[in-house]
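Asks: what shape does this take:
(one chain, ligands or ions: 1)
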Amino acid sequence: MIEHTQAHSPALSFADVSSGYRGREVLHGVSFTVAEGEFVSLIGPNGCGKSTLLKTAAALIRPVSGSVSLFGRPAERLKAADRASLVGVVPQKIESPMAFRVGELVMNGRISSIGLFGRPGAADEDIVERAMIYTDVLSLRDRYFMELSGGEQQRVALAMVLAQEPRIIMLDESIAHLDINHRQEVLQILLNINREQRITVMLVSHDLTLSAQLSDRLLLLDNGTLAADGTPQEVLRPELLSRIYNCELQVRTDPWSGELQVSGDLVTGRRRKALDRRIHVVAGGGSGIELYRRLLIEGYEVTTGVLNKLDSDAEAARALHLDAVLEQPFSAIGSACYREASVMAGAADMVVVTDVPFGSGNLVNLSLASEALSAGKPVFLAEGIGSRDYTEGNAAGRKTDELLADGAVTWSSIHELLVHLQKSFQSR
Ligand SMILES: Nc1ncnc2c1ncn2[C@@H]1O[C@H](COP(=O)(O)OP(=O)(O)OP(=O)(O)O)[C@@H](O)[C@H]1O
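Replies: Next comes the predicted model:
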């Protein structure tokens, strides 16, 4: 253990940290502290910045602004050996030179203590052996690391970090490849060293139920900002999770254990029943792709148009086998295509307008929404059409105001839209 760490400083502290990669800021002004001895899980959707946060915490990435400290010491000023005695990281992807055998690699965990050119003593050998026994990799000692399975590699990486004897261990989805037996064992090891030796643990996990079960506290990241920081009860709120993960999620309390369980809706029957619900989507410029995908996954029939040929939404509609009305490339929508789309939208149960920009060429598509409202069909408009209005005299904005006055409803995320659609169908 190194000297000079502050007695009562947090194990990890982020103060207004922005960080990322060359030309790409991923974390934006993140602040939190982790007390020594806490077990914290870092959760959030793919790409929200969890690994980047871990790398920044372990001083592998230097923040663009703000400061990171480990046990009261500025992370960027720590020497490599000091850092290794404070932080051990089990990464998501493990890279190791081909020629390393497992035993040598785990012994590498001791380098910060014995020095690069020092010889391991009996105590080091014992620590390494213990770490390998704990993680069940002793029998792999003479195998080459790169020849091991994903789960075996993860256990060796954990053995190396345990041999390092750091004061905080960070694991980046490191249990994802483990079978259930080894997963339980690894989690138990982490819990034991956390409870018995007050080693701080920070775990990145996509398993929200498991995170709640293990952790004192959860940090929820959303798009590089901290959306919530609190106990599992405080953070695992269905509305918050559904908004951030952009899908419908439920949180239940297990009546026997009192533990929180997070789940989504899955249709698990052998044959999914067609919903027999048709949505016409007014899109363009790529604004429809994600919506088409989500509506199809939810079981809706989807039609779309009028789009221009070669538009990315038109390409997506073709790839997804959607019925679509297509105008010539780079041309204003003509009356023949409009009439065709009007028939198509007339056959749908509801009309959805995406956050497509409107100009004089596609303004007429908004009339599909007016027609649907006149026919008594629900219409859902992406928020902010007025701010993407490139028509003369703000025609799209004015048309939107009319649609809203006539009963159209706005949506700001696909998840919110899906909830609207479901409610509308239920109330019909
Ligand atoms: N080396 C890199 N260079 C440039 N961009 C990167 C690099 N590593 C990650 N990114 C980008 O930074 C963003 C955040 O990535 P990060 O790996 O931190 O997310 P994550 O929350 O850990 O995701 P996941 O749950 O999918 O593992 C992503 O958009 C990713 O593409």
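Asks: which element is Ser257 on?
Replies: Taking DSSP states H and E as the definition, Ser257 sits outside all helices and strands.
Asks: please report how far it lies from the ligand.
Replies: 27 Å (Cβ to the nearest ligand atom, to the nearest Å). (C-beta placed from N, C-alpha, C; glycine too.)
Asks: next up, phi/psi of that residue, please.
Replies: phi -90, psi -20 (degrees, to the nearest 10).
Asks: can you pull the pLDDT of it?
Replies: pLDDT recorded at Ser257 is 80.
Asks: now the one 10 residues further on
Replies: The score at Val267 is 62. That number is its pLDDT.
Asks: and for the one 5 residues further on?
Replies: What the model reports as pLDDT for Arg272 is 57.
Asks: for the one 4 residues further on, same thing?
Replies: In this prediction, Asp276 carries a pLDDT score of 79.
Asks: look up the closest residue to the residue most central in space within the chain, ignoring the ones flanking it.
Replies: What sits nearest the mean C-alpha location of the chain, by Cα atoms, centre = their mean, is Pro45, with 1.2 Å. Spatially, and ignoring its direct neighbours in sequence, Pro45 is nearest to Tyr245 (5.5 Å; Cβ to Cβ, 6 or more residues apart in numbering).
Asks: one more: Ala324?
Replies: Closest to Ala324 by Cβ to Cβ, 6+ apart is Ala317, at 4.1 Å.
Asks: what does the strand or helix carrying Glu185 contact?
Replies: According to DSSP H and E, Glu185 maps onto helix 180-197. With contact meaning Cβ atoms under 8 Å, 6 or more residues apart in numbering, helix 180-197 is reached by 37, 39, 134-136, 151, 154-155, 158, 162, 169, 171, 174-175, 178, 199-201, 203, 210, 214.
Asks: check the residues you listed against the ligand, which are close?
Replies: When Cβ under 6 Å from any ligand atom is applied, no member of these is adjacent to the ligand.
Asks: from those, which ones fall inside strands?
Replies: Among the contacts of helix 180-197, the residues falling in strands (DSSP state E) are Phe39, Ile169, Leu171, Thr200, Val201, Leu203.
Asks: quick one: pLDDT of Ile2?
Replies: pLDDT, Ile2: 44.
Asks: just Phe330 next, same as before
Replies: For Phe330, pLDDT reads 91.
Asks: give me the nearest residue to Arg198, chain neighbours excluded.
Replies: Gly37 (4.0 Å).
Asks: hmm, I was thinking of Glu371
Replies: Ser342 (6.1 Å).
Asks: ok so Ala84 is a helix residue?
Replies: Yes. Counting by DSSP: H, G, I helix; E, B strand; the rest coil, Ala84 is part of a helix.
Asks: let me know whether it touches Leu78 as I believe.
Replies: No. Checked against Cβ atoms under 8 Å, the pair Ala84 and Leu78 is beyond contact range at 9.1 Å.
Asks: quick one, which of the two is more surrounded?
Replies: Counting neighbours by other Cβ atoms under 10 Å for Ala84 and for Leu78 shows that Ala84 has the greater number, 23 against 19.
Asks: what's near enough to touch that one?
Replies: Contacts of Ala84 by Cβ under 8 Å, 6+ apart are Ile111, Ser112, Gln164, Pro166.
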